[in-house]
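S.K.: Dropping a prediction and its sequence here:
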Amino acid sequence: QVQLVESGGGLVQAGGSLRLSCAASGRTASSYAMGWFRQTPRKEREFVATISWSGGSTAYGDSVKGRFTISRDNAMNTVYLQMNSLKPEDTAVYYCAADRSFSVNPRTYDYWGQGTQVTVSS
């Protein structure tokens, strides 16, 4: 079992930055690939970024490439999402998730956090 807790969401003006954190607990948490997804009431869950268990591989959704950076600290069992140049369309609930494999498909992820709200004002 892996438990995930997100933090760092909030309200920010367009052009600003936020850093989300995802704290993982469980003996094998560091062996999982980790992903960030986001969802609004009008859209399906959208892939944002993912990182392999070692941190050596990353992937990003097209809408966030060049603005967001995913990283992890396995010693701290924490994954981060640095979000820069935020836009109003980035407003969503952001979820952290864990998967045995490196994937951009939310259906393959085994464990999910409860989400953290990010609101970007124009």
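M.R.: Received the coordinates, thanks.
S.K.: Let me know the pLDDT of the spatially most central residue of the chain.
M.R.: With distances taken as CA atoms, centre = their mean, the residue of the chain nearest its centroid is Trp36 (2.4 Å). In the predicted model, Trp36 carries a pLDDT score of 98.
S.K.: Excluding chain neighbours, give the residue nearest to it in space.
M.R.: Counting by CB to CB, 6 or more residues apart in numbering, Trp36 lies nearest to Val48, which is 4.2 Å off, once chain neighbours are set aside. Backbone N, C-alpha and C define where each C-beta goes, glycine included.
S.K.: just checking, what packs against the one helix or strand that neighbour maps to?
M.R.: Assigning secondary structure by DSSP states H and E places Val48 in strand 46-51. If contacts are counted by 3 or more CB pairs under 8 Å, 6 or more residues apart in numbering; DSSP states H and E, strand 46-51 sits against strand 33-39, strand 58-60, strand 68-73, strand 78-83, strand 92-99.
S.K.: export it as CSV, just CAs?
M.R.: The C-alpha coordinates for strand 46-51 follow below in CSV (Å, rounded to 0.1, in the frame of the first residue of the first chain):
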residue,chain,number,x,y,z
GLU,A,46,-5.7,15.2,-17.7
PHE,A,47,-2.1,14.0,-17.7
VAL,A,48,0.3,16.7,-16.5
ALA,A,49,3.7,15.1,-15.8
THR,A,50,5.3,11.8,-14.7
ILE,A,51,8.7,10.7,-13.4
